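# my questions concern the predicted model and sequence given below.
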Amino acid sequence: MELKLVLESLLFSAQKPLTPKELRDVLVNAATQPDAEEPAKGFKKIKEEEILAALEVLLAEHEAAARTYRLACVAGSWQFVSQPEFAPWLKALVGHKSRPPRLSAPGLETLAIIAYRQPITRAEVEQVRGVAVDGVMQTLLERGLVIQVGRAEVVGRPMTYGTTPAFLEYFGLRSLEDLPAADELRRIPVVKPEALVTTEPGLATPPPGQLQLASAESGEVVAAVTPVAAEAPAVETPAADTPPAEPAASPEAVVEPAPPVEPAI
């Protein structure tokens with residue numbers, strides 16, 4: 001029996017996506033049964049590399065056949081999926097499964113930074129985005145798209161984050177290697193501090209005002225904290241043929257003395 005046909009039958013009958021390891025376990029289990037038939041025994045020592053090669057051949061054949069369904073690999077697991085153009089009739093047959101709410105623009109930006117530069121700390125994400133990401137990170141963690149993967153080898157040992165298989169399923173990717181090229185994102189320098197500068201618990205970086213004050217104290221020129229002298233009002237210069245105005249008299253010069261008071265008779 002040809003391996004690709006056996007795999008096709010397993011994936012067609014499976015109720016969930018299967019990884020090459022799970023497919024291999026099924027083949028080995030079938031080969032080690034007491035009443036196993038000769039064709040099944042031939043896959044007793046099958047390797048995952050052989051299964052992957054057969055799956056790639058099967059995928060190419062289904063793409064060339066242009067059927068209403070195709071073989072797809074998402075997050076390392078293989079399954080048969082229908083072509084998108086047949087969605088209206090399939091929805092009428094099996095119903096419409098509601099998907100989670102779409103991610104916001106800040107969520108997508110933060111998720112992209114983590115995906116391309118993982119493992120990465122929250123402070124490093126904030127350096128790239130330029131804003132705090134506390135709320136966004138909490139949303140990504142709750143959605144299961146991001147997970148804590150370890151701690152950075154710097155002073156303070158901050159937590160590092162990476163993507164999950166749910167991230168690959170959300171975007172329909174086989175692996176992280178299938179992400180679009182993002183050389184510009186990778187070239188953005190990220191300075192790894194010796195210790196995290198924290199002013200409040202849970203705050204990755206101090207507020208911008210405190211950072212500006214710190215720069216001013218160190219002697220750097222900071223426009224945000226350097227006071228700017230108010231500009232003096234413009235003084236009009238009289239024309240050359242205009243006679244100079246006489247100076248105004250002071251209050252003492254214009255006050256006449258009171259007349260003498262005659263004595264009463």
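Now that the structure is in, tell me what you want to look at.
# pull the number of nearby residues for residue 36.
Counted with other Cβ atoms under 10 Å, the neighbours of residue 36 add up to 15. Heads up, the C-betas are built off the backbone N, CA and C, glycines and all.
# for it, give its distance to residue 145.
From residue 36 across to residue 145, the span is 42 Å (Cβ to Cβ, to the nearest Å).
# ok, residue 83 next?
For residue 83, the distance to residue 145 - Cβ to Cβ - is 26 Å.
# would you say residue 89 is within a helix?
Yes - according to DSSP: H, G, I helix; E, B strand; the rest coil, residue 89 belongs to a helix.
# before we move on, back to that, when residue 83 and residue 145 are compared, which one has more neighbours?
Neighbour comparison, residue 83 and residue 145: the larger count goes to residue 145, with 24 against 12 (by other Cβ under 10 Å).
# not counting its neighbours along the chain, what's nearest the more buried one?
Of all residues not flanking residue 145 in the chain, residue 167 sits nearest, at 4.6 Å (Cβ to Cβ, 6 or more residues apart in numbering).
# give me the residues contacting the strand or helix carrying the one you found.
Assessed by DSSP states H and E, residue 167 sits inside helix 165-171. With contact meaning Cβ atoms under 8 Å, 6 or more residues apart in numbering, helix 165-171 is reached by 74-76, 111, 115, 143-146, 173-176.
# over to stretch 71-86 now: how far is its first residue from its last?
Counting by Cα to Cα, to the nearest Å, you get 15 Å between the two ends of stretch 71-86.
# which residues touch it?
11-12, 14, 16-20, 23, 55, 58-59, 62, 67-70, 90, 165-166, 168-169, 172-175.
# low-scoring stretches of the protein, by residue?
Scanning the chain for pLDDT under 70 picks out the ranges 96-100, 182-265.
# relative to residue 9, how far out is residue 75?
22 Å.
# pick out whichever of those two has more residues nearby.
Taking other Cβ under 10 Å, residue 75 and residue 9 do not tie; residue 75 has more neighbours (18 against 11).
# and for the closest residue in space to that one that isn't next to it in sequence, the neighbour number?
Nearest residue to residue 75 in three dimensions, chain neighbours excluded: residue 168, at 3.7 Å (Cβ to Cβ, 6+ apart). Residues near residue 168, counting by other Cβ under 10 Å, number 22.
# do the same with residue 7
22.
# which element is it on?
Judged by DSSP H and E, residue 7 forms part of helix 3-13.
# buried stuff in the helix or strand just after that helix?
The helix or strand immediately downstream of helix 3-13 is helix 20-31, counting by DSSP H and E. Residues of helix 20-31 classed as buried: 20, 22-24, 26-27, 30-31 (neighbour count, 16 or more other Cβ atoms under 10 Å).
# between these, which sits nearest residue 124?
residue 20 (33.9 Å; Cβ to Cβ).
# that closest one contacts residue 51, correct?
Yes - in this structure, residue 20 is within contact of residue 51 by Cβ atoms under 8 Å, at 4.7 Å.
# re the thing from before, list only buried entries from the contacts of stretch 71-86.
Buried, going by 16+ other Cβ under 10 Å: 11, 14, 17-18, 20, 23, 55, 58-59, 62, 165, 168, 173, out of the contacts of stretch 71-86.
# tell me which two of those residues sit farthest apart.
62 and 165 (23.4 Å).
# thinking again about what came up before, give me the contacts around the helix holding residue 7.
18, 23, 26-27, 43, 46, 50-51, 54-55, 57-58, 61, 71, 78-80.
# looking at those residues, which are in strands?
Using DSSP state E, the members of the contacts of helix 3-13 that fall in strands are 71, 78-80.
# ok, now which ones touch residue 146?
111, 114, 137, 140, 161-164, 167.
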